[in-house]
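Enquirer: Sequence below, structure please.
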Amino acid sequence: MSLRTRRAMGLLTAVAIFASACGTPFSPTLVPSQGASAAPSATPAEARSADFRFAVDGEPTYFSPSSNDLPTSWVNRLIYTGLYRVNDKGDVVPDLATAMPEVSADGLIFTIRMRTDAKWHDGSPVTSADAKFTFDLAMSPKCSFNPTTCSTWGDNVGSVEAPSPDTLVITMKNKYAPIYIFGLTQWLVPKAATEASYAKFVAGSGPVDAAAVKALAGRISTAQGDTACAGATPPDTCSTSFYRVDMEAILTSAGVTLPEQSRFVGEDGKTDTAAYSDDVRGLLTDLNTTLQAGETDKLAAAYRLLDINLNPVGTGAYKFVRYTPGQSVELARFDDYYLFKPGPTKVLILVMKDAAAASEALLSGKIDWQPEITSSAALTALEANPKIKLSEYADLSYVYMGFNVRPGHVFSDVVARRAFAMCIDHAATVQAAAEGNAVPVNGNVQPGSYFYDPSIPDYRLDVAGARMLLESNGYTLRDGVYEKDGKNLKADLYVRRDRPQRVQFAQLAKGQVAKCGIDITVKESDDATILVPLLSYPNNFDIYLGGWDDLTDPEDSTFFGCKHVTSKDNPHDNNFTGYCDPKLDELQKAAAQELDRAKRKEILARVQLYLHDNGPYYFVWADLGHKGYSANVATNGELGPIDYTSFYDWWNLDSWIVKP
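Expert: Just a heads-up that it's a prediction; the model follows:
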């Protein structure tokens with residue numbers, strides 16, 4: 001997940017999940033299912049298509065389940081498929097599976113039948129062994145897929161068996177309602193091709209000195225954990241760039257491919273050395289973890305280091321061709337796709353970090369689809385063009401300010417966080433920043449969800465009350481800024497520079513909290529090259545204005561749970577704020593294991609209130625989402641038309657065509 005979360009069709013998704021989890025009949029509209037000898041059924045007239053072009057707003061990261069960002073997910077959706085997918089109604093429906101799972105009476109054993117006609121892009125057959133291999137990697141303590149996938153499988157699944165090539169048996173540790181949406185929709189990876197990539201890595205890393213790798217990783221971690229790094233003039237040793245040459249040398253000796261520096265270009269057109277060095281440090285961390293791991297977990301730990309991330313092998317409608325940093329990703333049609341023969345011969349995904357430039361590209365015909373329109377001015381221009389179609393949908397995401405609550409950070413004190421929230425005119429600032437295209441939110445479950453609790457209190461502007469709260473808890477006003485124990489309420493607020501509405505909110509909030517004696521500096525930054533590394537351990541930030549996507553169930557313990565706090569051993573997890581509260585952990589655990597929908601809603605209401613009052617986030621808004629399409633974009637009819645009213649319009653992206 002990029003760093004945002006969607007709950008677009010929360011009610012319908014929950015119905016699908018709970019009907020299945022409780023073992024009651026489930027009969028969604030299934031995607032086309034064929035026997036092993038059946039031929040693709042695309043209609044020739046509908047299959048004719050020009051090349052398909054669309055834009056993403058950041059550099060891709062990993063072309064694999066290790067990706068944790070939205071730009072890469074758009075690419076990977078065309079390369080990979082899973083046992084199940086989510087349709088435009090928010091229902092979980094079969095994909096590589098032939099039907100919904102057969103679930104035991106106790107809700108703990110899932111038996112899944114798989115298609116026998118699917119192939120990997122290298123021509124080999126897809127079997128249950130590949131599914132077991134994928135899920136075993138996800139269950140490993142050293143899992144390096146995206147954090148939600150790792151926690152879903154590792155925390156809740158006991159074992160996965162493949163008794164025959166088309167049968168998979170999953171045994172749960174405990175009942176877990178979100179397994180359908182978070183676990184069974186996971187993209188599969190090829191067992192043989194991944195093991196071959198790992199063998200190449202092992203051969204190349206043979207000469208590396210494991211002790212030297214561990215020593216370098218430890219030296220960097222120790223230096224950056226020094227209190228001097230939080231000072232006004234931190235020493236050079238606090239910067240990851242200080243260790244760049246040493247890291248490059250040791251990674252090269254291990255046969256690890258270094259990231260291309262052209263991925264890390266700043267606004268001035270020059271390489272952002274700090275961002276590049278942070279990415280290199282991530283590779284060093286992965287290498288150290290791999291070398292220290294036990295034999296059974298080494299492949300899982302090394303996964304992000306494998307060259308299969310650069311040349312992926314999937315089961316999707318399109319095969320990977322090339323990635324040119326700063327420019328584009330190119331995919332080619334996979335004629336042996338198991339559902340039908342895709343239409344476009346080529347898909348070109350352009351990297352366009354400027355949202356306005358992407359909208360202009362759609363207007364000019366340079367691209368056929370813009371997955372996210374964030375500018376009101378661009379939306380108005382697109383609405384006026386008869387050659388453009390627009391979707392509008394309830395986007396059950398949320399934007400938030402996340403505070404680093406680790407000891408020593410400015411907002412580790414909940415009193416400071418509560419005062420901060422009292423200093424902002426919430427609803428008015430949201431409307432001003434989002435220009436009417438968002439709804440203010442006060443918690444982690446959005447109004448469109450069945451689980452939403454409308455009794456969660458609104459944030460209330462009360463500058464005098466905020467000052468009184470701070471002063472009654474030991475804060476003293478000095479030179480216009482409150483301080484306590486020698487620590488000023490002064491912090492940098494990081495925000496994606498290509499999100500103008502978020503930038504505007506940050507700037508408006510800066511002026512308002514200043515009236516409460518809180519000094520904020522807004523840092524407009526690039527997502528993939530600065531923010532993603534910054535939100536990984538050691539998490540050298542105080543406030544981040546971001547959002548969460550693609551969570552269609554309110555189980556979000558990976559954002560707030562104690563076991564998901566980022567650390568030296570777990571640098572890329574989702575709880576980058578460092579928040580840990582055993583009481584909240586127990587509430588979230590109870591909600592996840594409750595299969596009775598009404599009872600689960602009651603527990604989740606308590607979660608929402610607890611996070612509102614005590615958590616590490618100031619919740620900001622939920623978007624009213626829009627996507628833009630060339631009028632020539634349609635589908636081949638196999639999976640129905642494009643649903644312009646659904647967040648999940650992309651559910652049948654593999655069937656889209658561009659009329660010549």
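Enquirer: Show the end-to-end separation of stretch 287-296, please.
Expert: Taking C-alpha to C-alpha, to the nearest Å, stretch 287-296 runs 16 Å from one end to the other.
Enquirer: List the buried residues of that stretch.
Expert: Within stretch 287-296, the residues scored as buried using 16 or more other C-beta atoms under 10 Å are 287-293. Bear in mind the C-beta positions are built from the backbone N, C-alpha and C, glycine included.
Enquirer: Now flag whichever of these is closest to Ile181.
Expert: Distance to Ile181 across these (C-beta to C-beta) is lowest for Thr289, with 28.2 Å.
Enquirer: Now do that closest one, the pLDDT please.
Expert: Per-residue pLDDT puts Thr289 at 95.
Enquirer: List the contacts of the closest residue to it other than its chain neighbours.
Expert: With C-beta to C-beta, 6 or more residues apart in numbering as the criterion, Thr289 has its nearest non-adjacent residue at 4.7 Å, and that residue is Ala301. With contact set as C-beta atoms under 8 Å, 6 or more residues apart in numbering, Ala301 has these partners: 140, 142, 144, 286, 289-290, 293.
Enquirer: As TSV, those residues with secondary structure and distance to Val441 would be great.
Expert: Converted to TSV, the contacts of Ala301 look like this (DSSP: H, G, I helix; E, B strand; the rest coil; distance: C-beta to C-beta, whole Å):
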residue	secondary structure	distance to Val441
Ser140	coil	35
Lys142	coil	35
Ser144	coil	32
Asp286	helix	35
Thr289	helix	36
Thr290	helix	40
Ala293	coil	40
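Enquirer: what's the closest of these to Leu624?
Expert: For those, the nearest to Leu624 is Ser144 (35.2 Å; C-beta to C-beta).
Enquirer: Who are the contact partners of that closest one?
Expert: 66, 150, 286, 300-304, 572 are the contacts of Ser144 under C-beta under 8 Å, 6+ apart.
Enquirer: again, but for Asn539
Expert: 404, 406, 566, 576, 578.
Enquirer: And for Gly58?
Expert: 69-71, 351, 353, 498, 526-528.
Enquirer: Tell me the span between the first and last residue of stretch 77-86.
Expert: 12 Å.
Enquirer: what does it contact?
Expert: For stretch 77-86, using C-beta under 8 Å, 6+ apart, the contacting residues are 13, 31, 63, 65, 92-97, 100, 112, 114, 118, 131, 168, 180-181, 184-189, 312, 314-320, 331, 347, 552, 648, 650-651, 653-654.
Enquirer: Strands - which of these land there?
Expert: 92-94, 112, 168, 318-320, 331, 347 (DSSP state E).
Enquirer: next one: phi and psi at the closest residue to Tyr303 other than its chain neighbours?
Expert: Of all residues not flanking Tyr303 in the chain, Ser144 sits nearest, at 4.5 Å (C-beta to C-beta, 6+ apart). Backbone torsions for Ser144, taken as degrees, to the nearest 10, come to phi -120, psi 20.
Enquirer: Please enumerate residues in contact with stretch 199-219?
Expert: 243, 246-247, 250, 253-256, 284-285, 287-288, 291-292, 302, 305-307, 568.
Enquirer: could you redo the contacts of Ser144 as CSV and give each row pLDDT?
Expert: Below are the contacts of Ser144 laid out as CSV (pLDDT from 0 to 100):
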residue, pLDDT
Ser66, 93
Cys150, 93
Asp286, 95
Ala300, 97
Ala301, 96
Ala302, 96
Tyr303, 97
Arg304, 96
His572, 89
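Enquirer: Give the buried subset of those as a PyMOL selection command.
Expert: To isolate in PyMOL the members of the contacts of Ser144 that are buried, counting by 16+ other C-beta under 10 Å, one can use:
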select buried, resi 66+150+286+300+301+302+303+304+572
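Enquirer: From the contacts of Ser144, which land in helices?
Expert: Counting by DSSP state H, those place 150, 286, 300-302 in helices.
Enquirer: Those: which two are farthest apart?
Expert: Greatest spacing in the ones in helices among the contacts of Ser144, by C-beta to C-beta: Cys150 and Ala302 (14.6 Å).
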